[in-house]
Structure formats: C-alpha cells, structure tokens
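Student: quick one, structure for this:
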Amino acid sequence: MKSLRSLISWSTFLLIAGLLVLSALVYVTSEVLLNRFVDGLLLELSDTLAELVEQRPEIFEKSGQDVGPAGRSTQERQVLPDVPHSLRVFSADGRLLWSSPNAAVQESIPPHILRQVQIEHTVFVTIESATGMPARHLFLSIMKDGHIRYVLQTETSLRHYRETLYGLLFLLSLASGATLVVAWIGSVWLAKKVLAPIETLCARAETMSEADLGKRLAVDSPYQEFRRLTQAVNSVLDQFQRNSEVQRNFCEIAAHEMKTPLTILQGNLEVALMKARTTAEYRDALINNLEQVGRLIALTRPLLTLAKFTSSKPPIHLAPLALEPLIHEIVDELTLLADDYRITLMFESQPVPPILGDAQWLKQALINLLDNALRYTPPGGFVTVRLHSSGEWVDVAVEDTGHGIESENIPHLFERFYRTDWARAKDSAGTGLGLPIVKEIAEAHGGTISVASQIHKGSIFTLRLPASTHHTVSA
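Tutor: Now for the predicted structure:
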C-alpha cells in the first residue's frame with residue numbers, strides 16, 4: 001500500500017532528476033553558444049584580414065623578407081600569450097608570409113590541414129599548444145582566378161572559454177546541490193507537517209468506540225484543508241450519532257409497541273389454559289388473539305417498509321409519471337371509505353408537468369395522507385386533494401377540515417412512532433409510522449413533505465415533487 005511519505009520521496013527524486021537534466025541542458029547549451037561566439041569572432045577577424053590582403057597585397061609579396069617572425073626572440077614566439085587572438089598569412093603552398101606580433105611560431109600549415117583548406121576553403125580546428133592550453137584556429141582561403149592565392153589563419157586561446165565552462169559547471173553543481181539539500185530538508189519537513197495532523201486524527205478516530213459517539217475530533221493545525229478534513233469527519237460522526245440514536249430509539253419503540261399485543265396474547269393463552277373452557281370461550285379467546293396478531297402484522301408491515309427506505313438504496317424505480325391519472329385512481333378507490341365516514345372527498349387539479357417517480361410508492365404515500373385525513377375528519381367534513389405546479393415543482397396538497405394539530409406537535413409529526421395525545425385518544429390502533437413512510441418516499445423522489453395546521457380548522461399536508469420537464473400534461 002502506498003503512503004504519502006513515499007509520494008513526497010518520489011517527488012524529491014523527480015526534482016533531483018529534473019535538476020540534473022536542466023543542468024546538463026544549460027551546460028551543453030552554453031558550450032554550443034560559446035563555440036559559436038568564438039567561431040564568429042574568428043570569422044570576423046578573418047574577413048577583416050582578407051580585406052586588408054586584397055587591398056594591400058604588396059605587403060605580403062616582398063621578396064626575400066621575413067615580415068612575420070623577425071624582430072622577436074624564439075622564446076617569446078614559442079608560447080602563445082594570454083591575448084584574445086593572433087593572425088597569420090600563408091602562401092598557397094602553406095609557407096608563412098606574415099604573422100601578427102603576438103602570434104606564436106608556426107612556419108607552415110600542417111599538410112593535412114592544408115589539404116582540407118584546399119577542399120573546403122574554410123576550416124575550423126582546435127589545436128593544443130605546447131603548454132596544453134587549447135586554441136581555436138580558423139583557416140580561410142583567398143581565391144584569385146579560380147586558384148588559392150593566400151591562406152589566412154586566425155587564432156584565439158580557449159583559456160577564457162574553458163574557465164567560463166568550468167565556472168558554469170561549478171555554479172550549476174553548487175546550485176543543484178544546494179537546491180537538492182533544501183528540497184530534501186523541505187520534503188522531510190513537509191511530510192512531517194502534513195502527516196502529523198493526519199496521524200493524530202487517525203489515532204483519535206481509531207480509539208473511538210460507540211460510547212464515544214458524543215465526542216468530536218480536534219486537530220490543531222493552521223491549514224484550512226486539515227480543518228475541513230476534521231469538520232468532514234465530525235460531520236460524519238454527527239450523522240452516525242444521529243442514525244445510531246434513531247436506530248436505538250426505533251428499536252426501543254418498536255419493541256415497546258410489539259410488547260403490548262404480545263403480552264395480551266400471552267395473557268389470553270395463559271387464561272385459556274388455566275381450566276377447561278367451553279367452545280364459545282375458546283372461540284372468544286382465539287378471536288381476541290387474532291386481533292392482536294392482526295395488530296402485530298399491521299405494525300410489522302410499515303416497519304419493513306421503513307427498513308427498505310433506510311437502506312443505502314431505496315426500492316424506487318423512477319420513470320416519467322403523470323400524477324393526475326394516479327390521483328384520480330386513488331380518489332376513486334377511497335370514495336367508498338369516505339362515504340362510510342360521511343365525508344366528502346374531492347379532487348381539484350390544474351395542468352402540471354410530469355415527474356420522475358415510482359407509481360407504486362407514490363400511491364402508498366398519497367393513500368397514507370388521505371387515510372389520515374379521512375380518519376381524523378369528523379362526519380360531514382371535507383377532504384380535498386389539490387394538484388398544481390409551483391415553478392419547477394409539482395405540489396399535491398391534501399386538505400381536511402378535522403381537529404387540526406397543535407403547534408408544538410408539528411415538528412415531531414414525521415418522527416417514527418410519534419402520535420399526538422388527541423390522535424391516540426381518537427384512534428388507538430394507529431402505529432405512528434404512516435407519516436414517516438410518506439417522508440421517506442418523498443425524500444427518495446427528491447421531494448419534501450410539509451404540514452400547515454390550525455386547531456378546529458384542519459390541516460394541509462403538501463407533498464412537493466420535482467418536475468421532470470417543462471411541458472404540461474392537459475387536465
């Protein structure tokens with residue numbers, strides 16, 4: 001498994017390789033440019049000397065006179081002085097005709113160089129002097145009537161050239177070495193600076209247990225990235241704590257709700273077995289027990305539904321869906337129930353766009369809302385379903401004229417097993433899971449469920465779902 005330390009080390013190695021390549025490129029480029037500079041200088045001097053030869057050829061054609069080396073000692077002419085350049089003029093056969101005062105002794109052109117000049121006319125060569133210091137030479141032929149008349153030689157010492165390259169090499173080595181040392185120290189410091197808060201965070205997280213869910217991690221770091229990481233981990237812990245508490249409360253309340261019918265079942269069975277009973281008494285006991293079994297089944301079904309929606313993948317399959325036909329179908333199915341309660345059930349709709357939804361689960365949510373409305377609305381009341389659009393949302397509102405909900409109860413309506421005192425007195429068979437299921441279905445569709453209520457005036461539950469398109473479906 002890779003670690004951040006190895007990544008930082010590899011970054012340092014890449015920096016080293018990059019510095020070496022860069023230093024090599026700088027050195028090679030500098031060497032090429034210096035060579036071009038030296039050769040250009042020699043060529044410029046040769047052109048100047050060639051113009052002089054063409055203008056004053058009589059200077060180099062004095063019979064019997066040694067213009068060049070005369071007047072200087074042999075020892076002075078054996079060593080090339082530390083001067084920028086020197087000049088010589090040779091005849092076509094390579095004999096020295098003239099040389100500048102600072103030129104070293106060279107009576108003729110080496111035969112192999114002369115042959116090369118006769119072929120190429122311009123020849124650059126580097127020759128080591130007697131002292132071991134190299135010098136750069138340019139041999140340039142001057143033509144007349146298609147034949148070589150003179151051969152000009154310009155020469156310059158490469159001492160400064162080599163000193164420049166040695167100095168450049170020293171500076172590159174020094175700069176690269178210093179950069180590498182700083183980079184290595186910086187990488188070690190960076191790794192320590194980066195990993196220390198992460199290791200602290202990991203150590204604290206690894207030691208946490210379920211009993212420590214109320215605690216939060218704290219990392220003392222001045223960098224906002226680590227603060228964001230800590231906040232993200234704490235947010236996960238917050239969510240985990242909330243889910244854990246909800247799950248624990250859910251299990252406790254579910255166990256409590258199931259305990260009552262089970263206790264009744266056990267009591268009925270124990271009473272029935274205490275002595276011999278008549279057939280009618282056994283029948284009554286079985287009917288009572290059957291009612292408790294029905295109550296348990298009514299409780300387990302919404303529990304299974306909630307378990308499906310609290311999983312990582314809710315059991316919904318989204319597809320384009322027109323709500324108006326679905327609501328018409330639900331209203332038609334519940335009309336008979338409304339008639340039994342002597343309640344008027346109505347449906348009012350406006351043209352709305354289709355949504356992406358699961359018809360089965362949306363039908364379950366709307367049935368839960370309408371069932372609550374019909375159950376808690378007194379005879380002679382009204383329950384109205386209104387369908388309309390609001391911007392990019394489609395709203396389904398279920399309005400009743402029932403008792404209404406106290407304001408202090410509204411924030412808890414969608415909590416599992418929560419029931420108001422009035423609702424418990426009105427309907428003792430309720431489970432308090434209908435509205436939580438509606439909330440889970442709405443959120444699984446990307447929507448919301450809200451409620452507005454006034455005592456003795458009724459309640460309005462609004463299921464808001466996102467529209468899938470801007471086109472409307474005709475009413």
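Student: report the separation between residue 455 and residue 397.
Tutor: 19 Å (CB to CB, to the nearest Å). Where C-beta positions appear, they are placed from N, C-alpha and C, glycine not excepted.
Student: when those two are compared, which one has more neighbours?
Tutor: Between residue 455 and residue 397, counted using other CB atoms under 10 Å, residue 397 has the larger neighbour count: 18 against 12.
Student: show me what contacts that one?
Tutor: By CB atoms under 8 Å, 6 or more residues apart in numbering, residue 397 lies in contact with 385-388, 460-463.
Student: please report how far it lies from residue 390.
Tutor: From residue 397 to residue 390 the distance is 10 Å (CB to CB).
Student: pLDDT score for the closest residue in space to residue 321 that isn't next to it in sequence?
Tutor: Nearest non-adjacent residue to residue 321, counting by CB to CB, 6 or more residues apart in numbering: residue 357, 4.3 Å away. On pLDDT, residue 357 comes in at 92.
Student: equivalent analysis for the one 10 residues further on, please.
Tutor: In the prediction, the pLDDT value recorded for residue 367 is 93.
Student: that one against residue 330, yeah?
Tutor: Yes: contact criterion CB atoms under 8 Å: residue 367 and residue 330 qualify, at 6.2 Å.
Student: would residue 388 count as being in a strand?
Tutor: Yes: residue state for residue 388 (DSSP: H, G, I helix; E, B strand; the rest coil) corresponds to a strand.
Student: any idea how many residues pack against it?
Tutor: 14.
Student: who's it bridged to?
Tutor: residue 395 (DSSP bridges).
Student: residue 137 now?
Tutor: Partner residues in beta bridges with residue 137, using DSSP bridges, are residue 125, residue 155.
Student: surely it meets residue 128?
Tutor: No: checked against CB under 8 Å, the pair residue 137 and residue 128 is beyond contact range at 11.2 Å.
Student: who's more crowded, these two?
Tutor: More crowded of residue 137 and residue 128, by other CB under 10 Å: residue 137, with 20 against 10.
Student: so what's the more buried one up against?
Tutor: 42, 124-127, 153-155.
Student: distance-wise, check it relative to residue 240.
Tutor: 84 Å.
Student: residue 411 now?
Tutor: As judged by CB to CB, residue 411 and residue 240 stand 23 Å apart.
Student: show me the helices in the stretch 1-150 of the chain, by range?
Tutor: Using DSSP state H, counting those that start in this stretch, the helices of the stretch 1-150 of the chain run over 4-55, 74-78, 111-120.
Student: now swap in the stretch 151-300 of the chain and tell me
Tutor: 159-206, 224-274, 279-309.
Student: quick one, which of those helices is nearest to residue 143?
Tutor: Residue 143 lies closest to helix 159-206 among the helices of the stretch 151-300 of the chain, at 30.7 Å (CB to CB).
Student: any idea of the angle that closest one forms with helix 224-274?
Tutor: 20 degrees (axes from the mean of the first three to the mean of the last three CA atoms, to 10 degrees).
Student: what helices and strands are in contact with helix 159-206?
Tutor: For helix 159-206, the packing partners by 3 or more CB pairs under 8 Å, 6 or more residues apart in numbering; DSSP states H and E come out as helix 4-55, helix 224-274.
Student: shaky segments in the stretch 51-200 of the chain?
Tutor: Applying pLDDT under 70 to the stretch 51-200 of the chain picks out residues 57-84, 130-131.
Student: which parts of the stretch 301-450 of the chain are strands?
Tutor: 319-321, 344-349, 355-357, 382-390, 393-400, 448-454 (DSSP state E, counting those that start in this stretch).
Student: can you list contacts of the first one?
Tutor: Defining contact as CB under 8 Å, 6+ apart, one finds that strand 319-321 is touched by 354-359, 362, 468-469.
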